[in-house]
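Engineer: quick one, fold the following:
(one chain, ligands or ions: 1)
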Amino acid sequence: MTRKERKHQLSDSAVVEQIPLACSNELAAVEFLEHQRWGANPCCVHCGSVNVYKMADAKTGERNSRYLWRCKDCKEQYTVRIGTVYEESRIELRHWCYTFWRAATSKKGVSALEIKRQCQISYKSALFLMNRIRFAMAPDQASKEPLKGDVEVDEVYLGARRPRFKGTGKIGRGTDRPIVFAAVQRYGQIRRRVVPNVHGETLKQAIREEIDRSARIISDEFGSYKGLGKEFAAHETVRHATGEYVRGDVHTNTVESSHALLKRSIVGIYHNISREYLHRYLWQADFMWNARKMNDGERTILAIKSAEGKRMMYRQPAV
Ligand SMILES: [Zn+2]
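Structural biologist: Sure, this is the predicted structure:
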């Protein structure tokens with residue numbers, strides 16, 4: 001067995017141990033990402049051929065300074081960046097590895113300011129990294145399965161109260177703070193989205209899109225959720241107004257703890273999130289919740305693997 005082959009025999013735990021090195025050394029980062037993408041069978045990103053080689057520098061014989069590969073069949077050159085969220089950026093891949101690692105291991109999230117300081121890159125670059133990584137963490141709409149079993153639903157208002165509401169006693173429903181709807185399958189996945197209002201039609205539309213008809217829905221007594229029992233296997237409510245929070249297994253504790261975590265990360269890490277970008281933070285928060293049973297290394301690798309085949313659909317100036 002050659003050294004190269006032995007390297008590809010590494011177990012997942014050994015792969016995880018390579019992450020810190022990949023965060024500090026560019027060649028290690030490139031080879032780490034190449035291994036995650038192609039394993040022992042590197043192939044051409046243009047034609048799929050495995051008849052490929054790493055280009056070497058003519059003078060030193062070392063690996064080409066741009067880490068290029070070349071395909072002997074279609075004669076094209078490429079790098080591991082092609083077809084991923086890092087494609088349109090010149091930011092070093094070790095910074096990508098570091099940011100993936102931090103974003104996938106910080107329970108309450110990580111801010112672009114921290115990434116700027118730790119990688120010693122510009123704030124613009126750090127924002128670019130975080131935005132692409134959040135995009136990588138976004139759910140794949142095509143393979144998404146509806147939630148089943150017991151599903152708790154609830155909505156939450158985020159952000160600081162607008163000054164004009166101060167002293168009015170309006171803190172929840174009825175204010176214009178950004179609203180997030182959440183549906184959580186007990187012991188399972190979470191789905192959150194920004195909603196424009198809490199009207200029955202809006203919330204029911206979200207519920208229909210995210211939850212299987214066979215599910216038992218559990219909510220509070222809010223009027224917008226009325227009538228769900230007709231569309232789903234069952235609908236139970238807890239009456240918070242009368243001080244009831246748990247009745248047997250009827251409670252919304254899971255979805256409420258997801259709100260608490262989301263609020264803490266927004267206040268503690270991001271301070272203020274504009275409504276326009278809130279959905280991106282939700283992608284990351286949902287990814288963290290859904291991968292909560294994995295260890296840090298597995299979750300980092302899942303995030304990196306999710307970056308493949310994804311490119312932002314809108315233009316953002318490359319950094
Ligand atoms: Zn090719």
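
Engineer: in contact with the closest residue to Tyr67 other than its chain neighbours, which residues are there?
Structural biologist: Among residues not flanking Tyr67 along the chain, Val30 sits closest, at 4.6 Å (C-beta to C-beta, 6 or more residues apart in numbering). C-beta coordinates here come from the backbone N, C-alpha and C atoms, glycine included. Each residue near Val30 by C-beta atoms under 8 Å, 6 or more residues apart in numbering is listed here: Tyr67, Thr79, Val80, Leu93.

Engineer: with Ala103 instead?
Structural biologist: Gly109, Val110, Met130, Ile133, Arg134, Met137, Gln284, Ala303.

Engineer: hang on, the fourth one in a strand?
Structural biologist: So that's Ile133. No: under DSSP: H, G, I helix; E, B strand; the rest coil, Ile133 sits outside any strand and is assigned helix.

Engineer: burial count for it?
Structural biologist: Using other C-beta atoms under 10 Å, Ile133 has 27 other residues around it.

Engineer: got it, and the last one?
Structural biologist: As a burial measure, Ala303 scores 23 neighbours (other C-beta under 10 Å).

Engineer: and if you look at the third one?
Structural biologist: Around Met130 there are 24 other residues, counting by other C-beta under 10 Å.

Engineer: which one is it nearest to, not counting chain neighbours?
Structural biologist: Ala112 (4.8 Å).

Engineer: go ahead and confirm the one you found touches Leu127.
Structural biologist: Yes: taking contacts as C-beta atoms under 8 Å, Ala112 lies within contact range of Leu127: 4.6 Å.

Engineer: specify the beta-bridge partners of Tyr53.
Structural biologist: Arg70 (DSSP bridges).

Engineer: test my guess that it contacts Arg70.
Structural biologist: Yes: counting by C-beta under 8 Å, Arg70 is a contact partner of Tyr53 at 6.1 Å.

Engineer: which one's more surrounded, those two?
Structural biologist: The residue with more neighbours, out of Tyr53 and Arg70, is Arg70; 16 against 11, by other C-beta under 10 Å.

Engineer: how far away is the more buried one from Glu31?
Structural biologist: 17 Å (C-beta to C-beta, to the nearest Å).

Engineer: many thanks, have a good one.
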